[in-house]
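In: coords please:
(chains A, B and C)
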Amino acid sequence: MSGGGQVGQVGQVGETKGLIGRGLGFSYGSKKVFAGVDFAARPGEVVCLIGPNGEGKTTLVRVLSGLERAGQGTVELDGVALTALASRERARRVGVLLEAPDTTFGFTVRELVVMGRYPHVGRRTFESDGDRAATRRAMELLDLEALAESPVFALSAGQRQRVGMARLVCQDPQVFLFDEPTSNLDPAHAERFVALCKDLAKQGKACVCVVHDLDLAARLGDRVAILAGGLIAAEGAPDEVLTPAVILRFWGVETQRVDALTGRPSLIVTATR
Amino acid sequence: MKGSTWAVVALALVVVVAAAGLAVWLGMPRVSLSVALSDAASWQHRALFDLQLPRVLQGLCVGATLSVAGAALQGLLRNPLADPYVLGVSGGAALGASATTLMLGGLGVGLPLVVGPLGGFFGAVVALAIVLTLGAERGRPSPLRMLLVGVVVNALAGAMLMVLSAIGDAASVQRALLRLMGTLGADPSQPGLLWVVVGALVVALAAVLPSVRELDLLALGDDGAKSVGLDPEKLRRRLLVWLSLPVGAVVAVTGMIGFVGLVVPHAVRLVVGPAHRRLVPLSAAVGAAFTVLADALVSALAEPLGTELPVGVVTALVGGPVFLVLLRVRLTGKDAR
Amino acid sequence: MSLLPLLLPLLLPLLLTGGCGEPTPSGPRPGDGAARPRIVSLAPAITAILVELGAKDHLVGVTSWCDAPGVAVVGDMKPRPEAVLAAEPDLVVMAQYGSQAPDLAPLSALGLETLSLPLVTLDDMRQATIRLGELTGTDGREVVRRFDEALTAGQANTSRGVRFLLVYGLEPGFVITTGGGDHISELLTALGGVNAVSGGVTTRLGLERVLELNPEVIVHAAPSPSFPDSKAALAHWATWRGLDAVASGRVFVFPRDTLARNGPQLTRDIAELVRLFAAP
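Out: Got it, this is the predicted structure:
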């Protein structure tokens, strides 16, 4: 298990495949959020970004997705700096889900999901048949077909979250970034999401998920990275990273780990300090 | 009734033509249409061509401009209470127009009456600059902050208008008050003002129509929109600037005709949905129709009432209650899970 | 359809009240047989002058403020151009009031002949009377002569130097008066009075200032709902102690509203005004 700011094999020269952040630092004014962060999300893997509340996970995701500029460091996709790409070019390659769609006006689920095609279509043309097919597929994957013509303000929080996911799936970038994707989902839909991520990975995409549920992180991620104290404090396979000792150190809760159930570590919180 | 975009555009054209025809016919009590059309030397002819037709054209353009701006602003700010005046543009325009005519009029010079609209432009731009500057949060425009600053700018401008009224002469006071409520009587001695209003509509449509898809994207939230490759801040800045000019021009020429830009987009959304490629053209048409019919009612009531009501009074009396009804409908829809 | 609540409330009253007018109905209309030039007057003073000149049969349109029974009303002092057009005038006459200045150009642009006459001072009134007399073929000079005769006669019968306050209206805490420059003040001055107030044409005076100025005579220019006669006015002013006018009972409400119009009908008001300034 590596720790103290290094993430896997990022430091190697010539490593270019996937979304790679090197030496990232970010501050709000004088308040430092993180510094010296290396992060990699490679094609075909799911990385779970975890850590205590308020430590900057969402900020890191915003920087990795190109929505914010890091104060220091670079983010590259397949060797090309994200900042060098035009917005729609970047959107074709990296997509992020940070919030559910707005409910002010009654756009239908279908209308919102098809917006994911914007980086591919732009403003000049109406949607093509291919776009409509992609939209249908995305809605199927997220179990939204029955709600396709429902206005967004009539949906529950979980349903809206799935609409956001469907939009991102429809956008079909190379790298998917999800910020707390399952926070409003029931167990059934949460499992579907896990399956979706693994499927995306199998297709050669890279997935980054910020999660709070350590058990979920263990099941979902091929690798997990802990962002705490302004840097990547630990990183590696869930097996290695998510030990009761580590969890106690960063989260202050006592856990029991049961490996036999699923082949992946299952974590059960037994007491808080 | 979410037809295809082209069906909606066709409907929009039908609405405009029908409303215009109705407005011309119904807005000329006492004037015989047959005489006006047959006898070119009659006063009815002059009443139709020099007074009524320009007035209807002005009403159509003003109503369409305000509705297009209102629809776009509601989408840009993601706020159903937004209207074309919300960003301080109306206050700035009204104050600019009144202040310039008062100041320059005080110099005793005979002014070309285009000074008013020019002052209105200037005032609108100044107000917008204030709102954009003060409405920024950490360097980027925040919709909520801009709305709040806009409310304050409008209130301050209104107060300053009152001060000007107190120190100005009776004629200016009356003009200022009319400006606050909006009138559509096209002045036949100033055909240029009509072209200003037509130009305002052209500018508003040219600014908004190419961006209808991008306006939709804002429904994903600012982060969602950025994720799909839109720059929401650039879109807001561009549209706000390019919409302030036509709205400022309209306010400077006809005053603040209220409720059109607020209510019409909501009513249209209930018919064709929130997608801007259908919302904007139909809002333009319905706004034009609403305004021009309200003005026809003003003309029709002029004799029984003995005076011409400002058209803003009619739009408020109809638009206000309709807005309340629409809010109720929307709320019911929202709670129906 | 949600568009209906928006458009129906407009269409229904419109269909009831609107609609293009019928072709010329049979039967006489007001304005038929009027003498040429057909005149629309947009100021009460102008109307008064024309009536005094005996030229009432030239009038085809007046405002709702004018006093010309039997003549069609085209609107208030800012009438709709359509209404003016409908009267088919040869000439539209207005006074040079600031509020009406913007109305001149639109009427001209419609092809109407317009005339704007200053009507602030008594001399303006004399000039206007002569001018309108020329236009209507009546004897304006004679009317002016009668006015001047009455004025001279009146001047012989009044005491000099009586300090007066001319009241146009009362608001809580304020008097609306003039500091000279208007025709009523000029008339009162010509009849021997001295305006206690100096300054612009319309002045709002605080009531404490009135106490300071302490006029000898207080004159209300016309009856009003709150002050229909001199008794009511005196009762009101009596609440202010220390006013000479109250002490001597010289508080008057002019019994007609004819003073407001700067026209030759003032000739008949002069005798009444002289009585106001007569020594108590």
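In: quick check: pLDDT value at B:Gly168.
Out: If you check B:Gly168, the pLDDT there is 68.
In: actually, B:Val109.
Out: Looking at B:Val109, its pLDDT reads 52.
In: got it, and the one 10 residues further on?
Out: What the model reports as pLDDT for B:Gly119 is 79.
In: and the stretch 151-280 of chain C, which residues reach chain A?
Out: By Cβ under 8 Å from any Cβ of the partner chain, no part of the stretch 151-280 of chain C sits against chain A. C-beta: built from backbone N, CA, C; applies to glycine.
In: any weak-confidence spans in the stretch 151-280 of chain C?
Out: For the stretch 151-280 of chain C, the stretches with pLDDT under 70 are C:200-202, C:279-280.
In: from chain A, which residue is nearest to chain C?
Out: In chain A, no residue comes nearer to chain C than A:Gly106, which is 12.9 Å away by Cβ to the nearest Cβ.
In: what's the burial count for that residue?
Out: Using other Cβ atoms under 10 Å in any protein chain shown as the criterion, A:Gly106 is surrounded by 19 other residues.
In: do the one 3 residues further on as well
Out: Look at A:Val109: counted by other Cβ under 10 Å, it has 28 neighbours.
In: same check, this time on C:Ala235
Out: Neighbour tally, C:Ala235, other Cβ under 10 Å: 12.
In: what lies in contact with the helix or strand it falls within?
Out: C:Ala235 belongs to helix C:230-237 when assigned by DSSP states H and E. Here helix C:230-237 makes contact (Cβ atoms under 8 Å, 6 or more residues apart in numbering or on different chains) with C:Leu170, C:Ile218, C:His220, C:Ser226, C:Phe227, C:Leu243, C:Ala245, C:Val246, C:Gly249, C:Val251, C:Phe252, C:Val253.
In: so who does the third one touch?
Out: This points to C:His220. Contacts of C:His220 by Cβ under 8 Å, 6+ apart are C:Val167, C:Phe227, C:Ala233, C:Phe252, C:Val253, C:Phe254.
In: chain neighbours aside, what residue packs nearest to the residue of the stretch 51-200 of chain B found nearest chain A?
Out: Per Cβ to the nearest Cβ, the residue of the stretch 51-200 of chain B with the smallest distance to chain A is B:Arg78, at 4.8 Å. Closest residue in space to B:Arg78, ignoring its immediate chain neighbours: A:Thr104 at 4.8 Å, by Cβ to Cβ, 6 or more residues apart in numbering or on different chains.
In: B:Ala97 now?
Out: Using Cβ to Cβ, 6+ apart, the closest residue to B:Ala97 is B:Gly120 (3.9 Å).
In: restricted to helices, list the contacts of helix C:230-237.
Out: C:Ala245, C:Val246 (DSSP state H).
In: buried among the contacts of helix C:230-237? Make that a PyMOL selection.
Out: Written as a PyMOL command, the selection of buried residues from the contacts of helix C:230-237, which uses 16 or more other Cβ atoms under 10 Å in any protein chain shown, is:
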select buried, chain C and resi 170+218+220+227+243+245+246+251+252+253
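In: any idea which of the contacts of helix C:230-237 is closest to C:Pro44?
Out: The nearest member of the contacts of helix C:230-237 to C:Pro44, counting by Cβ to Cβ, is C:His220 at 18.5 Å.
In: any idea how far C:Val51 lies from C:Ala68?
Out: 6 Å (Cβ to Cβ, to the nearest Å).
In: right, I mislabeled it, should have said B:Ala10
Out: With distances taken as Cβ to Cβ, B:Ala10 is found 55 Å from C:Ala68.
In: give me the more crowded residue out of the two.
Out: C:Ala68 (18 against 13).
In: now do stretch C:44-55: everything it contacts.
Out: Counting by Cβ under 8 Å, 6+ apart, C:35, C:39, C:41, C:56, C:58-59, C:62-63, C:65-68, C:93-95, C:117, C:119, C:125, C:128-129, C:132-133, C:136, C:138-140, C:143, C:258, C:260-265, C:267 sit against stretch C:44-55.
In: now, which of those residues lie within strands?
Out: Counting by DSSP state E, the contacts of stretch C:44-55 place C:Ile39, C:Ser41, C:Leu59, C:Val62, C:Thr63, C:Val93, C:Met94, C:Ala95, C:Leu117 in strands.
In: go ahead and confirm the last one touches C:Asp124.
Out: Think C:Leu117. Yes: if you go by Cβ atoms under 8 Å, C:Leu117 and C:Asp124 touch, sitting 7.3 Å apart.
In: quick one: name the residues of the stretch 201-337 of chain B near chain A.
Out: B:210-214, B:216-221, B:223-224, B:226-231, B:269, B:273-275, B:333-334, B:336-337.
In: these, buried ones only, as a ChimeraX selection?
Out: Of those, the buried ones go into a single ChimeraX selection, burial set by 16+ other Cβ under 10 Å:
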select /B:211,212,213,214,216,217,218,219,220,221,223,224,226,227,228,229,230,269,273,274,275
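In: re the thing from before, could you dump the contacts of helix C:230-237 to CSV with distance to B:Leu327?
Out: Converted to CSV, the contacts of helix C:230-237 look like this (distance: Cβ to Cβ, whole Å):
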residue, distance to B:Leu327
C:Leu170, 46
C:Ile218, 56
C:His220, 52
C:Ser226, 45
C:Phe227, 49
C:Leu243, 58
C:Ala245, 60
C:Val246, 59
C:Gly249, 64
C:Val251, 57
C:Phe252, 59
C:Val253, 54
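In: return the subset of the contacts of helix C:230-237 lying in strands.
Out: Counting by DSSP E, those place C:Leu170, C:Ile218, C:His220, C:Val251, C:Phe252, C:Val253 in strands.
In: need the max-distance pair from those residues.
Out: Greatest spacing in these, by Cβ to Cβ: C:Leu170 and C:Phe252 (14.5 Å).
In: and what about A:Ile268, helix, strand or coil?
Out: Assigned with DSSP: H, G, I helix; E, B strand; the rest coil, A:Ile268 falls in the strand class.
In: closest to C:Asp148 among the contacts of C:His220?
Out: C:Phe254 (21.0 Å).
In: surely the closest one and C:Val219 touch.
Out: Yes: here C:Phe254 reaches C:Val219: they are 6.4 Å apart, a contact under Cβ under 8 Å.
In: out of those two, which sits in the busier spot?
Out: Counted by other Cβ under 10 Å, C:Phe254 and C:Val219 do not tie: C:Val219 has more neighbours, with 26 against 21.
In: which residues touch the more buried one?
Out: C:Phe164, C:Leu165, C:Leu166, C:Val167, C:Leu188, C:Phe252, C:Val253, C:Phe254, C:Leu276.
In: repeat the analysis, applying 6 Å as the threshold.
Out: By Cβ atoms under 6 Å, 6 or more residues apart in numbering or on different chains, the contact list for C:Val219 reads C:Phe164, C:Leu166, C:Phe252.
In: appreciated, that's everything.
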